[in-house]
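> sequence below, structure please.
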Amino acid sequence: MSDKIKSDDVFGLARHYRFQWEEAQGCYVLLFPEGMIKLNGGAGEVIKRLDGKKNVAAVVDELKTAFPEAPDLEADVVAMIELAADKAWIERKST
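Numbering: from 1, shown residues only. Just a heads-up that it's a prediction; the model follows:
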């Protein structure tokens with residue numbers, strides 16, 4: 001795990017965002033008062049699992065089960081969580 005993101009950290013959406021599948025865009029999006037962020041497939045799969053209850057290790061395990069062919073999945077998941085946290089799309093939740 002990264003220095004910033006620990007396996008027992010729990011994340012959820014920041015309160016100004018809503019996550020949903022957008023049929024017109026053909027992808028998952030984050031909606032917020034000023035607009036919309038289109039997420040690529042991998043980012044959408046990570047964000048949809050950040051429910052404020054599961055820790056990072058559980059999210060990684062879920063994704064490894066869902067996508068067993070993906071190499072170096074843990075590093076990619078942690079990088080996506082770091083990006084989303086840096087952009088304030090998600091926030092740490094108290095456990």
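
> which parts of stretch 4-21 are buried?
Within stretch 4-21, the residues that count as buried by 16 or more other Cβ atoms under 10 Å are I5, D9, V10, F11, G12, L13, Y17, F19. From N, CA and C alone the C-beta is placed, and that goes for glycine too.

> tell me how far the most far-flung residue of the chain relative to its centre lies from M36.
The C-alpha centroid of the chain is most remote from A24, which lies 21.3 Å away (Cα atoms, centre = their mean). For A24, the distance to M36 equals 10 Å [Cβ to Cβ, to the nearest Å].

> for W21, same thing?
Applying Cβ to Cβ, the value for W21 to M36 is 12 Å.

> shared neighbours of the two, anything?
Taking Cβ atoms under 8 Å, 6 or more residues apart in numbering as the criterion, W21 and M36 both touch V29.

> quick one: residues contacting V10.
G52, K53, K54, N55, V56, R92, K93, S94, T95.

> in helices only, show me these.
If you go by DSSP state H, the contacts of V10 have V56 in helices.

> need the buried ones from the contacts of V10 selected in ChimeraX.
The buried subset of the contacts of V10, as determined by 16+ other Cβ under 10 Å, is captured in ChimeraX by this line:
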select :54,55,56
